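Colleague: Sequence and predicted model, in that order:
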Amino acid sequence: MTKFDEATRAIRVDETTYDVCLDDGYSIGGPLNGGYLLAVILRAAVDASPHEHPVSTSAQFLRVPKPGPARVHLEQLKAGRTAAMTRATLVQDGTSYIDTLITTATLTAAEPDYTDAPPVPLPPEEECLALPAPKPENNMTFNAQIDLRFDPPTIGWLTGEPTGRPESRAYFRMAEPQDPDPYVLALAVDALPPVVFSAGARGWAPTVELTWYLRALPAPGPLALYGSGRLISDGWFDEEVEVRDSTGRLVAQSRQLARLGRG
């Protein structure tokens, strides 16, 4: 079991309740990463489902949970031959923090009938750049769990040269060697810095709603993340992320609505 598997483990209490422990190793300046929290919830939902894979997840982030013990409460909405639907709520100290609707199914290794090309080809990995290590006092423990290598123009905001477009592109791996699976993909879709950084914004950008789809089971190797946004307005922005595996296959898609950070 990897450290990530352990950090996302869900222990069955009964058919509708799972105990979890939220790991402070996934903190971004205090709040825990949203993709990590979804991976925790998905462990419980999939364990209780007759199907193996979380193909659709829609999450409302109601509050910011803290590291430590929590529970996932499940309500089965439908259990069909090809898909099951579950409402899963992350609860801490009797309060709901994240409310999700999850559809599970069982995917195969079938070849796609149609797939398009990546939006922008990434340069070779050796030409991509890592972000500087954060200062310990910034409480960015999440950075130690993953390895991101960025397409250089999309981190120009670090040196005061943002592209002016909401975008971010990078290769993604877990820091501890681990082949990607659906739970790693849940982490990956929310692993990039907010795309609005490249448009000139800064500061924590809390997610309000995030929906992501598991489109295929990923091949071993690094993932390629393509982040973009369509509108920044009135203190809100959207962010879309496309994830492709080492063969170039589209394996996950996400869209989230977030508040514009205060830098």
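Modeller: That came in fine, so what should we check first? Numbers count the residues shown, from 1 in each chain.
Colleague: quick one: the strands in the stretch 101-250 of the chain?
Modeller: Secondary structure of the stretch 101-250 of the chain by DSSP state E, counting those that start in this stretch: the strands cover 146-150, 167-174, 207-214, 223-228, 232-233, 236-244, 250-259.
Colleague: Can you point out the buried residues in the third one?
Modeller: Judged by neighbour count (16 or more other C-beta atoms under 10 Å), strand 207-214 contains these buried residues: T207, L210, T211, W212, Y213, L214. Every residue, glycine included, has its C-beta placed from N, CA and C.
Colleague: Just put those in JSON lines and tack on distance to F197 and pLDDT.
Modeller: Putting the buried residues of strand 207-214 into JSON lines (distance: C-beta to C-beta, whole Å; pLDDT from 0 to 100) gives the following:
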{"residue": "T207", "distance to F197": "15", "pLDDT": "96"}
{"residue": "L210", "distance to F197": "18", "pLDDT": "98"}
{"residue": "T211", "distance to F197": "22", "pLDDT": "98"}
{"residue": "W212", "distance to F197": "21", "pLDDT": "98"}
{"residue": "Y213", "distance to F197": "25", "pLDDT": "98"}
{"residue": "L214", "distance to F197": "27", "pLDDT": "98"}
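Colleague: Go through these and name the one nearest G94.
Modeller: Comparing these against G94 with C-beta to C-beta places T207 closest, at 23.1 Å.
Colleague: My read is that the closest one contacts Q60, right?
Modeller: No: T207 is beyond contact range of Q60, at 9.6 Å (criterion: C-beta atoms under 8 Å).
Colleague: Over to the residue located most distally from the centre of the chain. Which of the three states is it?
Modeller: Each residue of the chain has a distance to the centre, and by C-alpha atoms, centre = their mean the biggest one is for R81: 27.7 Å. Of the three states, R81 takes coil under DSSP: H, G, I helix; E, B strand; the rest coil.
Colleague: Quick check: it vs T106, distance?
Modeller: Going from R81 to T106 by C-beta to C-beta, to the nearest Å gives 10 Å.
Colleague: same thing with P194?
Modeller: Separation of P194 from T106 (C-beta to C-beta): 34 Å.
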